[in-house]
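Enquirer: What would the 3D arrangement of this be:
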Amino acid sequence: AVTRTRTASAWLVAVVALAYANAFDGAFQFDDFNVIVDNPAVHSWSAWWASMPGLRPLLKASYVLSWRMDLGAAGFHLFNLAVHAGNTLLVFALLRRWLADLAPGVDAVRGAFVAALLFALHPAQTEAVTYVCGRSTGLMALGYLGSIYAWERGREGAAAGAWGVASVALFVAAMLVKEIAWTLPLALTLVAAARGGRWRAAFAAALPQFAALALAAVAILGFEPYRRLLATSFATRAPLANLAAQGEGVWYLISRPLFALRINIDPDLVAPDASGPAQLAAACVLGALLAAGFVALRRRPVAGFALLWFLLQLAPTNSLLARLDLANDRQLYLALIGPALAVGVAVAGLRAPRAATAITCALALLLFAATVVRNTDYRSGVALWEATVRASPGKARAWNNLGYACQQAGDDARAAASYETALGIDPEFHKARVNLARLRGGEGARPLPAR
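Expert: As a prediction, the model looks like this:
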């Protein structure tokens, strides 16, 4: 068993490295300039320290580390790739443990390997790996999954106290990278309940993490920048209106990137002004899925766990707190573990080993190819926004950003045409109008990317 596990782990690392080998050609993109390239606070340790206290301090510290490597964008990609490989190994290690309890009749190593392979290679993960600023999701996941792993090791009995402290520390670290890690105590509760425990006992098993979350909530509410973020969220959409609108966002994530492998850094999704029948129906469907997950948890623990895990990981970005964008592909990063687990169990449960191997290879090759192709879109700003306007031809922001990329590349004629297309879609789009005026006026001012 140890040899199989080590061999499987080596294969996972090798496959990740091969799938993302062409990511090193990727350039800085979009938010990378505001957050990293043009942000002196992440160019040195002294500048980083002077900017503290601030939002997401560990994420910014990781940017300093990559910047100080002085390898350009390639150094950032190397860090992101290492994080993704680490997350893949943690997924493999965790699923082996969970399958031993959730599906005792299934080969846990095989099932976990297939699931980890899908997690590693799904092209939706490129937004958290190849896109440099997507690091916030991948690095948060490293602390998140590491915390769960430490919790599992403490549950196994050896050095339980030390592992428990490590679990809480890693949870806090994950939140200092990205706040959406707050779901971790609920994830631990879900794991304990899926193993057959009562909900009260499952909650008690994660009590230290819940305590850490409560302290973090107090700290966040006492920190002015976070209060401003919350105020902006509430001003964007009311919580219940956002919940209704998120039916569209979740459906997009399921139907496009997850199953159709249609990856898009700027999906053409518009939140409705008010909750209509369609939004209400979508919210009801999400509620029904949630209820189905709880019902299945006892009778079909793998299916119930996979569904509840998926919905839980989408909760921070696709529930009550509004964001400007209804959905982004990187929101699937941790959520993918649920569907991947369900597929892994189904494949590992096949009675014909050759068929299981053939299906695994076919899925891996499909996802591998999709990831390699998607990585090529990040080779330049023009390439990325060309791919985006193909996927979102009716979105003015995508055309403005293509114009921005073309203007930065010195292709003024194509930049003007892209700005004009953006204005044809939305005549009131201020940034495209300003950019076109500056371009035609020869002012030499830097164009405005759209957020």
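Enquirer: could you pull out the helices for the stretch 1-150 of the chain?
Expert: Assigned by DSSP state H, counting those that start in this stretch, the stretch 1-150 of the chain shows helices spanning 2-19, 31-32, 45-50, 57-69, 73-102, 108-121, 126-129, 135-155.
Enquirer: can you give me the mean pLDDT across the fourth one?
Expert: To tie it back to what came earlier, the one meant is helix 57-69. Rounded to a whole number, the mean pLDDT of helix 57-69 is 97.
Enquirer: what does the fifth one give?
Expert: Helix 73-102 shows a mean pLDDT of 97.
Enquirer: And for the first one?
Expert: When pLDDT is averaged over helix 2-19, the result is 96.
Enquirer: Then the shortest one?
Expert: Helix 31-32 shows a mean pLDDT of 92.
Enquirer: Chain neighbours aside, what residue packs nearest to Asp412?
Expert: If you skip the residues right next to it in sequence, Asp412 has Leu439 as its closest partner in space, 6.0 Å away by CB to CB, 6 or more residues apart in numbering. To be clear about C-beta, it is placed using only N, CA and C from the backbone, and glycine gets the same treatment.
Enquirer: residue ranges with poor pLDDT in the stretch 201-350 of the chain?
Expert: Under the criterion of pLDDT under 70, the regions of the stretch 201-350 of the chain flagged as low confidence span 272-276, 278-279.
Enquirer: The helices of the stretch 1-150 of the chain: which one's closest to Leu269?
Expert: helix 126-129 (15.1 Å; CB to CB).
Enquirer: just the CA coordinates of that closest one, formatted as PDB?
Expert: Extracted as PDB, the C-alpha positions of helix 126-129 are listed here (Å, rounded to 0.1, in the frame of the first residue of the first chain):
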ATOM      1  CA  THR A 126      -5.700  27.500 -14.700                       C
ATOM      2  CA  GLU A 127      -7.300  30.700 -13.400                       C
ATOM      3  CA  ALA A 128      -5.800  29.800 -10.000                       C
ATOM      4  CA  VAL A 129      -2.500  28.600 -11.300                       C
END
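Enquirer: so how far is Leu384 from the residue nearest to Asp412?
Expert: If you measure Leu439 against Leu384 using CB to CB, to the nearest Å, the figure is 20 Å.
Enquirer: out of these two, which sits in the busier spot?
Expert: Applying other CB atoms under 10 Å to Leu439 and Leu384 shows that Leu384 carries more neighbours, namely 23 against 20.
Enquirer: So for the closest residue to that one other than its chain neighbours, what's the pLDDT?
Expert: In space, and not counting its chain neighbours, Leu384 is closest to Asp377: 5.2 Å by CB to CB, 6+ apart. In the predicted model, Asp377 carries a pLDDT score of 97.
Enquirer: ok, Asp377 touching Arg390?
Expert: No - Asp377 lies out of contact with Arg390 (CB atoms under 8 Å); the separation is 9.9 Å.
Enquirer: Compare the two (neighbour count), which wins?
Expert: The residue with more neighbours, out of Asp377 and Arg390, is Asp377; 21 against 11, by other CB under 10 Å.
Enquirer: which residues does the more buried one contact?
Expert: For Asp377, the contacting residues are 383-384, 386-387, by CB atoms under 8 Å, 6 or more residues apart in numbering.
Enquirer: Let me know the closest of those to His84.
Expert: For His84, the closest of these turns out to be Leu384, at 19.1 Å, with distances computed as CB to CB.
Enquirer: Now for the closest one: which residues touch it?
Expert: Contacts were defined as CB under 8 Å, 6+ apart; by that measure Leu384 touches 29-30, 265, 377-378, 405.
Enquirer: now do Phe203
Expert: Shown in contact with Phe203 (CB under 8 Å, 6+ apart): 189, 210.
Enquirer: next SSE after the strand or helix carrying it?
Expert: Phe203 is part of helix 199-205, with elements assigned from DSSP states H and E. Following the chain from helix 199-205 toward its C-terminal end, the next helix or strand by DSSP H and E is helix 207-221.
Enquirer: which of the residues in that following helix are buried?
Expert: Within helix 207-221, the residues that qualify as buried are 208-210, 212-213, 216, 220, counting by 16 or more other CB atoms under 10 Å.
Enquirer: gap between the closest residue to Leu221 other than its chain neighbours and Leu55?
Expert: Distances taken as CB to CB, 6+ apart place Arg227 nearest to Leu221, at 6.7 Å, with adjacent residues excluded. Shown here: Arg227 relative to Leu55, a distance of 12 Å by CB to CB.
Enquirer: Over to Thr126?
Expert: When CB to CB is applied, the distance between Thr126 and Leu55 equals 25 Å.
Enquirer: ok, those two, which is more surrounded?
Expert: In this comparison of Thr126 against Leu55, neighbours counted by other CB under 10 Å, the higher total goes to Thr126 at 28 against 16.
Enquirer: quick one: contacts for the residue nearest to the more buried one when sequence neighbours are not counted?
Expert: Spatially, and ignoring its direct neighbours in sequence, Thr126 is nearest to Arg374 (4.7 Å; CB to CB, 6+ apart). Contact analysis of Arg374 by CB under 8 Å, 6+ apart lists 123, 126, 130, 263.
Enquirer: The second one touches Asn264, doesn't it?
Expert: No - using CB under 8 Å, Thr126 makes no contact with Asn264, being 11.1 Å away.
Enquirer: which residues do the two both contact?
Expert: Joint contacts of Thr126 and Asn264 (CB under 8 Å, 6+ apart) are Asp329.
Enquirer: So which residues of the stretch 301-450 of the chain form strands?
Expert: With DSSP state E, counting those that start in this stretch as the definition, the stretch 301-450 of the chain shows no strands.
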